[in-house]
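K.L.:
everything below, folded, please.
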Amino acid sequence: MSRLVPPAIIIYYSKYSPFVRIYIGACGIGLGHAGQMLCVAQEMKGDEILFSSYNRAVAYLRKEGHEVFESPAIGWRETDGAPDATLTLIGVVPSMFQSLRQIKAEVGAIRKFRPDIVLSDGRYSTIVAARRCRVPFALVTHQISFRFPEMPFRGLWERSTTRLNCIYLSDKRILIPDMPPPDSICSASMRLKGELDIEYVGFVVRPLPEALPFPQEAKRRLGFGDGPLVYAAISGSTTKLVESLAGGLKKTGLDSLIVLGKPDGKDMREDGKVKVVPWLEERALALRAADVIITRGGHRTLSEIAMHGKPALVVPQPSQPEQDINAEGFEALGSCIVLREETLDASKVASSVGKLIDDSAYRNKAKALAGRAAKLDGAKNIAQIARKLDRA
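P.N.:
A predicted model of the protein is given here:
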């Protein structure tokens, strides 16, 4: 049975110990937020960490060996299995009640754990709870302004939600897991209305590329030869998208690995040099091995691609405005091609991959970005800032 530690001892521990007790709230929509905070947790070895999340992220974090408080879930509404920003916004009233449940649960977990600091990755409920419990906190996010392309009166909704978001965040410490402009992927999501306490800390990626085998060795470990390799990491994929990718990659004649992002999936097949698998545990090895990467527009995955210095083909998930913004920002850096899923076919896949392989401009810009990104370690910087919050 665990025992509560007297507050006086906690204060003494926090002030004089090199270690801290940290409560990390990670958004449970997808696995990107949880994966990002796992990178930060690696930089805080020796500290006592309690994660808080929901949905699939809970099992993911526990699998990585962390203690997790499972809070009430908040999620996107979906259409045909894909997140629908419009339906989510329409359902904001019932979502508010669920948010209140989540805040109440977070307050209880924080009071029981008695952390020195609180980090929130994309979760406002966590910072509301931290303030209520009077614990120093910081928010990690790559999105302040919003886009609602399918909403009536789109401009009014976008301006209003961005303004309200900036007012709410005006007195909070905000850490952006991205490079400072002009190298920022999420710059279009940071069109601020007013002054905020923000800091670009760098991409949050682990393991770092230099900690992995050389690309040729990584290819061999994955079962491929020394020739060019295309790695496609496509979550939320429809059968049509998978077939278009497989058909296009077959046309290129290149070794290709398509990963569907389904841990419990059964779809595994090979067609010539194209291999389709439901899940890949050695994800970092594939990033290191690939010559071209095909992906969605998730911020964390684009950060990893940037750190590895690889040219990319980006296919944002439909009805995910955030992914559109990230894809546009990444495309502006010159190392990727963006295709829309609605118009994608095998021929476009083949020609785009061929261009990324043959045109050295994409490789050169990708490598140059990786060189600049290597100078700013987001995971280490967030860990250092968190510890300073405790000492403040």
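K.L.:
switch to C-alpha atoms for all contacts and neighbour counts from now on
P.N.:
Noted.
K.L.:
what about the closest residue to residue 342 other than its chain neighbours, neighbour count?
P.N.:
Closest residue in space to residue 342, ignoring its immediate chain neighbours: residue 318 at 7.9 Å, by C-alpha to C-alpha, 6 or more residues apart in numbering. Other residues near residue 318 come to 16 when the count uses other C-alpha atoms under 10 Å.
K.L.:
before we move on, what about residue 222?
P.N.:
Residues lying near residue 222 (other C-alpha under 10 Å) number 13.
K.L.:
before we move on, what about the one 5 residues further on?
P.N.:
Burial of residue 227 is recorded as 11 neighbouring residues (other C-alpha under 10 Å).
K.L.:
so what touches stretch 312-326?
P.N.:
82-85, 143, 146-149, 185-186, 188-189, 236, 292-299, 305, 327, 335-342, 352-353, 356 (C-alpha atoms under 8 Å, 6 or more residues apart in numbering).
K.L.:
tell me the pLDDT of the residue nearest to residue 342.
P.N.:
You'll see residue 318 listed with a pLDDT of 86.
K.L.:
please report how far it lies from residue 341.
P.N.:
From residue 318 across to residue 341, the span is 7 Å (C-alpha to C-alpha, to the nearest Å).
K.L.:
what about the helices in the stretch 51-200 of the chain?
P.N.:
For the stretch 51-200 of the chain, the helices defined by DSSP state H, counting those that start in this stretch cover 56-63, 85-90, 92-113, 124-132, 154-168.
K.L.:
from residue 310, how far out is the nearest residue to residue 237 once chain neighbours are set aside?
P.N.:
Leaving aside its sequence neighbours, residue 237 sits nearest to residue 260 (C-alpha to C-alpha, 6+ apart; 6.8 Å). Distance of residue 260 to residue 310, computed by C-alpha to C-alpha: 20 Å.
K.L.:
again, but for residue 54
P.N.:
From residue 54 to residue 310 the distance is 32 Å (C-alpha to C-alpha).
K.L.:
now the helices for the stretch 251-392 of the chain?
P.N.:
283-289, 299-308, 321-332, 346-358, 360-373, 378-391.
K.L.:
flag the shaky bits of this protein, pLDDT-wise.
P.N.:
For the chain, the stretches with pLDDT under 70 are 1-18, 75-95, 149-154, 157, 192-194, 391-392.
K.L.:
per-domain residue ranges of it.
P.N.:
The record assigns the chain these domain ranges, following automatic domain parsing: 7-202+376-391, 210-373.
K.L.:
what about the shortest one, start to end distance?
P.N.:
Read it as domain 210-373. Span of domain 210-373 from end to end, C-alpha to C-alpha: 13 Å.
K.L.:
can you give me how far that domain is from the chain middle?
P.N.:
16 Å (C-alpha atoms, centre = their mean, to the nearest Å).
K.L.:
let's have the chain start at 877 instead
P.N.:
With the count now opening at 877, the last piece we talked about shows up as domain 1086-1249.
K.L.:
OK, contacts around residue 897?
P.N.:
By C-alpha under 8 Å, 6+ apart, residue 897 lies in contact with 890, 923-925, 990-993.
K.L.:
residue 947 too?
P.N.:
Residue 947 touches 928-930, 978, 981-982, counting by C-alpha under 8 Å, 6+ apart.
K.L.:
by neighbour count, which of the residues you listed wins?
P.N.:
Counting neighbours by other C-alpha under 10 Å, residue 929 leads these with 28 neighbours.
K.L.:
report the separation between that residue and residue 1255.
P.N.:
Counting by C-alpha to C-alpha, the gap from residue 929 to residue 1255 is 19 Å.
K.L.:
over to residue 1222?
P.N.:
38 Å.
K.L.:
who has more neighbours, the two?
P.N.:
residue 1255 (24 against 19).
K.L.:
hang on, the earlier thing: and the helices of the stretch 1127-1268 of the chain: which comes nearest residue 896?
P.N.:
Evaluated with C-alpha to C-alpha, the helices of the stretch 1127-1268 of the chain place helix 1254-1267 nearest to residue 896, the distance being 7.3 Å.
K.L.:
and that closest one, what does it pack onto?
P.N.:
helix 883-892, helix 908-918, strand 993-997, strand 1013-1016 (3 or more C-alpha pairs under 8 Å, 6 or more residues apart in numbering; DSSP states H and E).
K.L.:
neighbour count for residue 1136 and residue 1186, which is higher?
P.N.:
residue 1186 (27 against 22).
K.L.:
and the more buried one, what does it touch?
P.N.:
1166-1169, 1211, 1239, 1242-1243 are the contacts of residue 1186 under C-alpha under 8 Å, 6+ apart.
K.L.:
repeat that for residue 1211.
P.N.:
1186-1188, 1237-1242.
K.L.:
repeat that with 6 Å
P.N.:
Contacts for residue 1211 (C-alpha atoms under 6 Å, 6 or more residues apart in numbering) come out as 1187, 1238, 1241-1242.
K.L.:
returning to what we had before: the contacts of residue 897 into CSV, with extra columns for neighbour count and distance to residue 1148?
P.N.:
Listed next are the contacts of residue 897 as CSV, based on neighbours: other C-alpha atoms under 10 Å; distance: C-alpha to C-alpha, whole Å:
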residue, neighbour count, distance to residue 1148
890, 19, 59
923, 14, 49
924, 17, 49
925, 20, 46
990, 19, 56
991, 24, 54
992, 26, 55
993, 24, 52
